[in-house]
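> coords please:
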Amino acid sequence: MAIDFDAQTENGEHPELAEVEAASGINITPLIDVLLVLLVMLIITIPVHFHAVSMELPNGGPAPDSAPPPAVRIEVSATQQVLWNGELLTSRRELEARLRGAAQIPSPPEIHIHAAATSKYDTVAAVMSAAQRLGLPKIGVVGLDEYTVP
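Predicted coordinates for the structure are as follows:
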């Protein structure tokens, strides 16, 4: 099978050229290019104030700093003695009476519990549960940095 370069159809055209038909559709690629350019020009020419979002911000400065809430320091010593701001309490009833009185205040104080390293867990847990049971919401254990290992 050889290639015949001199072959012609009945019309006198080359056989491969006779099979090609002309495309009858419109080429829309330039149209899309022009539309994209127009869109970019429109976006650039829109005034800047249309890009901003208007918001109504509150007037005035920040709220004044309020005084820190009062704090009560409850210490549990190594001998299981309970101290209220450095004053020795003689019984659990006295502790509960003071906790109840602190809970009655309109803005109850924070309870800072400091336990000695050798104090019993039961005593510290009893103080914490009594404070929570009597309605004191802010209870914290302070002085834990003494027990960290360097």
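> Assign a three-state SS to the residue nearest to the spatial centre of the chain, would you?
Centroid check for the chain by CA atoms, centre = their mean gives Pro62 as the closest residue, at 21.8 Å. Under DSSP: H, G, I helix; E, B strand; the rest coil, Pro62 falls in the coil class.
> What separation do you get for it and Glu56?
18 Å (CB to CB, to the nearest Å). C-beta here means a position set from N, CA and C on the backbone, and glycine is covered the same way.
> cool, Met128 as well?
47 Å.
> quick one: the helices in this protein?
15-19, 29-45, 92-104, 121-133 (DSSP state H).
> Dump these to a markdown table, plus mean neighbour count.
Below are those laid out as a markdown table (neighbours: other CB atoms under 10 Å):
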| stretch | mean neighbour count |
| --- | --- |
| helix 15-19 | 10 |
| helix 29-45 | 9 |
| helix 92-104 | 15 |
| helix 121-133 | 15 |
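> Turn those helices into TSV, including mean pLDDT and distance to Ile111.
Rendered in TSV, the data for the helices of the chain read as follows (pLDDT from 0 to 100; distance: least, CB to CB, whole Å):
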stretch	mean pLDDT	distance to Ile111
helix 15-19	58	96
helix 29-45	91	61
helix 92-104	92	8
helix 121-133	92	5
